[in-house]
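Q: Provided below for reference: sequence and predicted model.
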Amino acid sequence: MVRRVAVVAGGHSKFGKRYDATMRELCAEASKPIYDEGITQDKIDASVLSYAASQFTGQGAGSALMADYIGLQEKPHLRVESACTTGTASLRAAWGMVAAGLYDVMLVMGVEQMNRVSSATATEYMSRAGDMRWEYPYGISFPAFYALMASRYMSEYNMPHDVLAHIAVKSHFYGAQNPKAHLPKEVPFEEANNAIPICRPLNLYDCSLITDGAAAVVIAAEDRVKEFTDRPMWIKGIGAGASENMIQDRPSLTSIPGAKRAANAAYAMAGLEPKDMNMAQVHDCFTIAELIAYEDCGFAEPGKGREIVENKENYIDGRIPVNCDGGLKSKGHPLGATGVSMTYEIMKQMRGEAEKSSRQIKDVKYGLAHNVGQSGQFVNVFIFERGW
Amino acid sequence: MAEKKELYLGYSTDKAITPFFQNWLEYLDQDKLMKSKCSKCGTEYLPPRQHCQKDMSECTLVEVSEREAKLYSYVIVDFAPESLSSKQPYVVAIGEFPSGLRLTAHITNLTSMPEVGMNLKLGFDKSPDGKMITYRWLV
Ligand SMILES: [Zn+2]
């Protein structure tokens, strides 16, 4: 029998270039608010540690190090890895164990420490997620994969770069109101549209940040939820999808096929539709990724995502507020923490606990998290339901 | 037996060479681009696979005779991974042959901005020492 599972608590470190911390201290920052609420180690049965790229730290078997640092050394733990979607993959793994009855209460800790190497080295490490024989030798960096999507999208739909710059402006508008954001500053449209090129047609402000940070959530089985909170956030739908490994093998570059499959599966499990969502956290590793996410999640028809941008429907009072915490673009993108951070943000929004009212979305009953790994090889979509 | 020539694909190379890949590289060294074809079901692959994705049967190498393609998509890499930073900026393109086969490679002779749909021609390239070999797109 599958048990219902809820997110009952969460914690979040400051995101940024955290030269004052390593993955240990970041995990401590993210778990402290959870322990402070009384959900202490003795109440947690097991944990999943989410970090994507051990090459950034050189630390092998990092889940043991982190579990030990946050006092979970005697509890079962494991590491999950699926590139940038590691956070929600970890949540999916933990959900399965709790739903199946193996454990009642689990901690999911997402973390990444990325700034102890240069930007060029970080770009090198991330490019090795491409096919090492057929893509890597041509220097296709992580932004280059999304630039290949952007070139094709802009050509097929005759879309100017302006649309992408408006997405960056929106991300920074909200990131500036998020004290945990890596780059909490507003960016004017002209600056976003004319920034230095990184992988044309994408420029600096089309790209997410190389960030250190951690986020954690605790999930509990239905019959234990009341011990921890009277404001549970139920995991209502989970969808996972996958796509061809080499980007040239995709049938289309204007959509991520695995993201569509994941979203459709999540809606089917939840018994809900795109129009039921009150907010979304989408994987805006690049502005083009956010635009494509509107379409893959069913908020816009193919090729019409730009209407959401042009009508500002993605702002807090719009039809579908998206990434009103700054997203990967302004809040930052510590790979393994990102999916957990999305989950945390939806819980805070549902609880009306955004730090500033100017970024608080009203009356969130359903929230969607869309978390993409690499250039779409793995995708997880979660639908959460307010439980009070 | 002839001495095995040391060959690597591309500009920043993966050095994990297998006998199948070595054989493919030796054809490329003679300016022959080979695809692979499943010995059981006939499915073709470019880039080549030793094993068919559908049935894991062994594939054999067959020459790609097409030389002209259209630009399916491109990126101008201004900020490169560390191993290719001396070459930046460079243009990576996905070209599509009339048969539908696609190939990802650099365009090396552009004099103006690339455009999706433009004509491409297949070319071949070698490093001065002859060890790093590759295919490339030309406009
Ligand atoms: Zn076959």
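A: On my side now, so go ahead.
Q: how about the strands in chain B?
A: Using DSSP state E, the strands of chain B run over B:8-9, B:34-38, B:44-45, B:59-63, B:68-77, B:90-96, B:102-107, B:119-126, B:132-138.
Q: Run through the neighbouring helices and strands of the first one.
A: What it means is strand B:8-9. For strand B:8-9, the packing partners by 3 or more Cβ pairs under 8 Å, 6 or more residues apart in numbering or on different chains; DSSP states H and E come out as helix B:19-29, strand B:132-138. Using the backbone N, CA and C atoms, a C-beta is placed for each residue, glycine as well.
Q: would you turn the ones you listed into JSON lines with mean pLDDT?
A: Below are those laid out as JSON lines (pLDDT from 0 to 100):
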{"stretch": "helix B:19-29", "mean pLDDT": "96"}
{"stretch": "strand B:132-138", "mean pLDDT": "95"}
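Q: Go through the strands of chain B and name the closest to A:Leu209.
A: strand B:68-77 (19.0 Å; Cβ to Cβ).
Q: who does the closest one pair up with?
A: Strand B:68-77 pairs in its sheet with strand A:197-200 (antiparallel), strand B:90-96 (antiparallel), strand B:119-126 (antiparallel), by DSSP bridges.
Q: where does chain B come near the ion, residue by residue?
A: Chain B comes close to the ion at residues B:Cys38, B:Lys40, B:Cys41, B:Thr43, B:Cys52, B:Lys54, B:Asp55, B:Ser57, as judged by Cβ under 5 Å from the ion.
Q: Partner strands of the lowest-mean-pLDDT helix or strand in chain B and their direction?
A: Ranked by mean pLDDT, DSSP states H and E, the weakest helix or strand in chain B is strand B:8-9, scoring a mean of 91. According to DSSP bridges, strand B:8-9 has the following sheet partners: strand B:132-138 (parallel).
Q: and the angle for the strand it pairs with with strand B:102-107?
A: 90 degrees (axes from the mean of the first three to the mean of the last three Cα atoms, to 10 degrees).
Q: tilt between strand B:132-138 and helix B:19-29?
A: 60 degrees.
Q: Keeping just the C-alphas, turn strand B:132-138 into PDB.
A: Taking Å, rounded to 0.1, in the frame of the first residue of the first chain, the C-alpha atoms of strand B:132-138 are listed here in PDB:
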ATOM      1  CA  MET B 132      44.100  15.100 -33.600                       C
ATOM      2  CA  ILE B 133      41.800  14.500 -36.500                       C
ATOM      3  CA  THR B 134      38.200  15.600 -37.100                       C
ATOM      4  CA  TYR B 135      35.400  16.500 -39.400                       C
ATOM      5  CA  ARG B 136      34.200  20.000 -39.700                       C
ATOM      6  CA  TRP B 137      31.500  22.100 -41.400                       C
ATOM      7  CA  LEU B 138      32.400  24.600 -44.000                       C
END
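Q: Buried ones in it, by neighbour count?
A: By neighbour count on 16 or more other Cβ atoms under 10 Å in any protein chain shown, the buried set for strand B:132-138 is B:Met132, B:Ile133, B:Thr134, B:Tyr135, B:Arg136, B:Trp137.
Q: ok, now which ones touch the residue located most distally from the centre of chain A?
A: Among residues of chain A, the one most distant from the C-alpha centroid is A:Met1; the distance is 29.4 Å, by Cα atoms, centre = their mean. Going by Cβ atoms under 8 Å, 6 or more residues apart in numbering or on different chains, A:Met1 touches A:Gly101.
Q: Just the pLDDT at it, thanks.
A: Note on A:Met1: pLDDT of 71.
Q: picking up where we left off before, now, which of the residues of chain B next to the ion sits nearest chain A?
A: Checking the residues of chain B next to the ion against chain A by Cβ to the nearest Cβ gives B:Thr43 as the nearest, at 12.7 Å.
Q: quick one on the thing from earlier: looking at the strands of chain B, which has the lowest confidence?
A: strand B:8-9 (a mean of 91).
Q: Burial check on residue 35, number of neighbours?
A: Assuming you mean chain A. 17 (other Cβ atoms under 10 Å in any protein chain shown).
Q: not what I meant, chain B
A: Neighbour tally, B:Lys35, other Cβ under 10 Å: 22.
Q: Tell me which residues touch it, please.
A: So B:Lys35 contacts B:Glu44, B:Tyr45, B:Leu46, B:Pro47, B:Pro48, B:Leu61, B:Val62, B:Glu63, B:Val64, B:Leu101 (Cβ under 8 Å, 6+ apart).
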